[in-house]
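Engineer: What follows is a protein structure lacking sequence information:
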DNA sequence: GTCTATACTGGGATAGAC
DNA sequence: GTCTATCCCAGTATAGAC
């Protein structure tokens, strides 16, 4: 990661880490100052409105960087070969996207400090998932060998796939506090995807 | 709801509400005292270890009351008639279970104050979902008219159904902060369930 | 068992020198 | 632009009367 050593960026960086691990309220400005290696007064030069302004900035950056989530690639192949494999690749990439320190911390903060944020500030999470879902639906429609009747069906399929992925992300990151993807969990995802795709994969057509 | 007016229960009740709406750290003991109609000292008579002890008690009650989540009924009918309807009833009941003030608040607190809780304290959420899932899987196996090859398939189906439900719960309650179930959201769930069950519902057999 | 009063600490924020 | 020093307030917790 680029460690920008502009003091302002340094403050944001250490604050994000602290907010994610201890929570916003439990993090004192003194902790931030100490971790950033600056003094009491300096913080208020960069953020005149104090701690809340730092939080807003962090979340704002999270919103902007949701684009990075969207870099997950969907090989728009029209062949049915290995759709399961493609889905697992998508899952791995999605998981990977949430693994970067910054993304992970922004995610945790957005959920945990929800009550301090506006609807707009928190919605980026849903939006990001939804955008991937839309692209996924489109990809499904492009695969001719899938027995999908209409675009509605492709939408449903994409929604279900994303639900499977999202449940795992939330359970592991939010509740279990588990940042390593266990082989076990991944295998369970694979089986669900397999089960889901089996009936609509057709060798005819 | 039974409003037990034992002071200790009253404290827990108002604290749960405050923790859920403002967060643990942002809630002061003074707020709790005022809301509970008691004085500074009284709180420490009932909870010698202060605020953290109140939090632990609340979460403990959440763990115990997860049983209430499990009252969701699964009509173990062996007929295929209206499996979709049954699934939607299950969904409605699950949603309803999270609608009760106490369950909802325990849920929010368990997620948002995760870092103050032990693994055991937070795991009740996953456990509750998993138990419903296990019963759902069993129910699927009892329905002869479903074209499920083995118990593995029933497990996968149950997992997927629960993922669909859980995604909605998390998105609506945690991110959107939306406690009313919109007809729109519910309809989307219904369509996914329909899409999911369609290929394995068989008229033969 | 509940009250009032208060001790003590540490929080956010600012003033003003450099 | 960054520092030190400090203000003021609010937080948790306790002591001791009733």
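Structural biologist: Arrived safely. Since the structure is predicted, the reported quantities are computational estimates derived from the model, not experimental observations.

Engineer: Residue numbers of chain A in contact with DNA strand D?
Structural biologist: A:7, A:37-42, A:45-46 (CB under 7 Å from any atom of the strand). All C-beta atoms are positioned from the backbone trio N, CA, C, and that covers glycine.

Engineer: swap the cut-off to 10 Å and go again
Structural biologist: Those residues of chain A that sit near DNA strand D, judged by CB under 10 Å from any atom of the strand, are A:5-8, A:10-11, A:25, A:30, A:33, A:36-46.

Engineer: give me the number of residues near residue A:18?
Structural biologist: Residue A:18 has 20 neighbouring residues, counting by other CB atoms under 10 Å in any protein chain shown.

Engineer: From residue A:33, how far off is it?
Structural biologist: 11 Å (CB to CB, to the nearest Å).

Engineer: and the residue of chain A nearest DNA strand D?
Structural biologist: Proximity of chain A to DNA strand D (CB to the nearest atom of the strand) peaks at residue A:41, 2.1 Å away.

Engineer: residues in contact with the spatially most central residue of chain A?
Structural biologist: Chain A has residue A:98 as the residue nearest its centroid, 4.7 Å off, counting by CA atoms, centre = their mean. The contact partners of residue A:98, by CB atoms under 8 Å, 6 or more residues apart in numbering or on different chains, come to A:104, A:107, A:169, A:173.

Engineer: Please tell me how far it sits from chain B.
Structural biologist: 14 Å (CB to the nearest CB, to the nearest Å).

Engineer: now residue A:144, what's its secondary structure?
Structural biologist: coil (DSSP: H, G, I helix; E, B strand; the rest coil).

Engineer: pLDDT at it, what is it?
Structural biologist: Residue A:144 is assigned a predicted lDDT (pLDDT) of 74.

Engineer: Can you give me the buried ones in the helix or strand of chain A with the lowest mean pLDDT?
Structural biologist: Here the helix or strand of chain A ranked lowest by mean pLDDT, DSSP states H and E is helix A:66-69, holding a mean of 76. Using 16 or more other CB atoms under 10 Å in any protein chain shown as the test for burial, helix A:66-69 gives A:66, A:69.

Engineer: Check stretch A:143-160 too.
Structural biologist: Those would be A:143, A:145-146, A:148, A:153-160, for stretch A:143-160 by 16+ other CB under 10 Å.

Engineer: and the residues you listed, which two are the farthest apart?
Structural biologist: Pairwise distances across these (CB to CB) peak at 20.8 Å, for the pair A:145 and A:159.

Engineer: sorry, back to before: just name the closest of the buried residues of stretch A:143-160 to chain B, please.
Structural biologist: residue A:156 (3.8 Å; CB to the nearest CB).

Engineer: got a list of what the residue nearest to the closest one when sequence neighbours are not counted touches?
Structural biologist: Among residues not flanking residue A:156 along the chain, residue B:195 sits closest, at 3.8 Å (CB to CB, 6 or more residues apart in numbering or on different chains). Contacts for residue B:195 (CB under 8 Å, 6+ apart) come out as A:153, A:156-157, A:160.

Engineer: swap in residue A:158?
Structural biologist: A:133-134, A:136-137, A:140 are the contacts of residue A:158 under CB under 8 Å, 6+ apart.

Engineer: Now which of those residues would you call buried?
Structural biologist: Buried among the contacts of residue A:158 by 16+ other CB under 10 Å: A:133, A:136-137, A:140.

Engineer: so can I have JSON lines of those residues showing distance to residue B:183, pLDDT and secondary structure?
Structural biologist: Shown next, in JSON lines, are the buried ones among the contacts of residue A:158 (distance: CB to CB, whole Å; pLDDT from 0 to 100; DSSP: H, G, I helix; E, B strand; the rest coil):
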{"residue": "A:133", "distance to residue B:183": "21", "pLDDT": "96", "secondary structure": "helix"}
{"residue": "A:136", "distance to residue B:183": "25", "pLDDT": "93", "secondary structure": "helix"}
{"residue": "A:137", "distance to residue B:183": "22", "pLDDT": "94", "secondary structure": "helix"}
{"residue": "A:140", "distance to residue B:183": "26", "pLDDT": "91", "secondary structure": "helix"}
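
Engineer: closest to chain B among the residues you listed?
Structural biologist: Each of those was scored against chain B by CB to the nearest CB, and residue A:133 proved nearest at 10.7 Å.

Engineer: Got the domain ranges for chain A?
Structural biologist: Structural domains assigned to chain A are A:7-58, A:65-200, following automatic domain parsing.

Engineer: give the contact list for residue A:12.
Structural biologist: Counting by CB under 8 Å, 6+ apart, residue A:12 touches A:54, A:57-58, A:61.

Engineer: wait, is it part of a strand?
Structural biologist: No. According to three-state DSSP, residue A:12 belongs to no strand; its state is helix.

Engineer: Relative to residue A:109, how far out is it?
Structural biologist: In terms of CB to CB, residue A:12 sits 12 Å off from residue A:109.

Engineer: Give me the common contacts of those two.
Structural biologist: residue A:58.

Engineer: Dump the contacts of residue B:195 to JSON lines, plus pLDDT.
Structural biologist: Formatted as JSON lines, these follow (pLDDT from 0 to 100):
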{"residue": "A:153", "pLDDT": "95"}
{"residue": "A:156", "pLDDT": "98"}
{"residue": "A:157", "pLDDT": "97"}
{"residue": "A:160", "pLDDT": "98"}
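
Engineer: Between those residues, which sits nearest DNA strand C?
Structural biologist: DNA strand C lies nearest to residue A:160 out of the contacts of residue B:195, by CB to the nearest atom of the strand, at 43.3 Å.

Engineer: what about the closest residue to residue A:164 other than its chain neighbours, helix or strand, and which?
Structural biologist: Excluding the flanking residues, the one nearest residue A:164 by CB to CB, 6+ apart is residue B:163, at 4.8 Å. Assigned by DSSP states H and E, residue B:163 belongs to helix B:151-169.

Engineer: Which helix or strand lies directly C-terminal to that helix?
Structural biologist: helix B:183-197.

Engineer: quick one: the residue nearest to residue A:156 and residue A:147, what's the gap?
Structural biologist: With distances taken as CB to CB, residue B:195 is found 12 Å from residue A:147.

Engineer: how deep is the closest residue to residue A:91 other than its chain neighbours tucked in, by neighbour count?
Structural biologist: Nearest non-adjacent residue to residue A:91, counting by CB to CB, 6+ apart: residue A:165, 5.4 Å away. For residue A:165, the count of nearby residues is 24 (other CB under 10 Å).
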